[in-house]
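Asker: model the structure of this input:
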Amino acid sequence: MGENERFDVENKLRGETLVRKGLMKKHARVEQLKLVPDLNVVKIGGHGIVDFGRDVVLPLMEEIGELSKKHKMLVVTGGGARVRHILDIGIDLRMPTGVLAELAGKISEQNAEIVTLLLSRWNGSRLKPGDLLDLPTMLHLGLLPVIHGTPPYGLFEHPPELGLIPPHRTDTGALLMAEVLGARSCILMKNVDGLFTEDPRVNPDAELIRDITADELLEMDMEDMVMERKVLHLLKDSSNVKEVMVINGHKRGTLERALNGENAGTIIRA
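Answerer: Below you'll find the model as predicted:
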């Protein structure tokens, strides 16, 4: 090999920059392996579910536990009020976004520990993000896996378009896990019946949106939403997950309807 020659291993990407548009278009046609195609990723909101305490959480745990006998589920936890508290302190102290992401992740992890224990009657088992590929084995063993939803970007969190709050939080984490696992559904459980034109707790006349695309929702440029905006951008580029459903986790039976393929709230399509 000459002094200025580059070493290459013989392969189909030899000589590629890995950013060429033609190459990206070529690989866009490659079908990805779906690791757990019958999996349902069910995200329990911290702010919308866990923070309401036993009157809401315990009946939901029982419902999830019983449904896990018929449906494969990965339970994903959010953070809630304590995330807002730690973010407020961090922003006040001028912490960088990556540090805020690290701090927020600790809270959703605490909720995962709580939910795992509450689901122990139904074989609830704690799953760490780094062990996500152990999920198929856990399901074969009849376990009900629980994981926290904050994506493990940590200090490498992407800069937000505005402000300092980390853009990839637990709704986003649920979608990313559903995508890499090739799950059949991604369900976000909140404390409202779905996605509304405005916050229904502030404006009782707000209308429930039953079915909408990610592009249509982004074009509405809403002041506030019941879910993270980053989900919409990622959904547009997803290969395996083609829709996300937002449902009310306070109403018994709603999750069962969603798991059976019924629109039990709002469907947001890619």
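Asker: what ranges do the strands span in the protein?
Answerer: Using DSSP state E, the strands of the chain run over 39-44, 72-77, 124-126, 144-148, 185-190, 195-196, 208-209, 211-213, 243-248, 266-269.
Asker: Throw those strands into TSV and include distance to residue 88, thanks.
Answerer: C-beta here means a position set from N, CA and C on the backbone, and glycine is covered the same way. As requested, the strands of the chain are arranged in TSV below (distance: least, Cβ to Cβ, whole Å):
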stretch	distance to residue 88
strand 39-44	23
strand 72-77	21
strand 124-126	28
strand 144-148	20
strand 185-190	22
strand 195-196	26
strand 208-209	30
strand 211-213	31
strand 243-248	26
strand 266-269	29
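Asker: which of these sits closest to residue 236?
Answerer: strand 211-213 (8.8 Å; Cβ to Cβ).
Asker: in that closest one, which residues are buried?
Answerer: For strand 211-213, burial by neighbour count (16 or more other Cβ atoms under 10 Å) applies to residue 213.
Asker: quick one: the spatially most central residue of the chain and residue 72, what's the gap?
Answerer: In the chain, the C-alpha closest to the average C-alpha coordinate belongs to residue 174, at a distance of 1.7 Å (Cα atoms, centre = their mean). Distance of residue 174 to residue 72, computed by Cβ to Cβ, to the nearest Å: 15 Å.
Asker: can you check residue 258 too?
Answerer: Distance, residue 258 to residue 72, by Cβ to Cβ: 14 Å.
Asker: tell me the phi and psi of residue 166?
Answerer: Dihedral angles of residue 166 (phi, psi; degrees, to the nearest 10) stand at phi -60, psi 130.
Asker: my guess is residue 218 meets residue 232, correct?
Answerer: Yes: judged on Cβ atoms under 8 Å, residue 218 makes contact with residue 232 at a distance of 5.5 Å.
Asker: mind listing the helices for the protein?
Answerer: For the chain, the helices defined by DSSP state H occupy 21-27, 54-67, 81-92, 97-118, 135-140, 170-181, 214-220, 229-237, 254-259.
Asker: so which of those has the densest surroundings on average?
Answerer: helix 170-181 (a mean of 25; mean count of other Cβ atoms under 10 Å).
Asker: who touches it?
Answerer: 34-36, 39, 41, 43, 45-46, 74, 76-79, 108, 132, 135, 147-151, 168, 183, 185-186, 188, 227-228, 230-231, 234-235, 238-241, 244 (Cβ atoms under 8 Å, 6 or more residues apart in numbering).
Asker: and that helix, how far from the chain's centre?
Answerer: Distance of helix 170-181 from the chain centroid (Cα atoms, centre = their mean, to the nearest Å) equals 4 Å.
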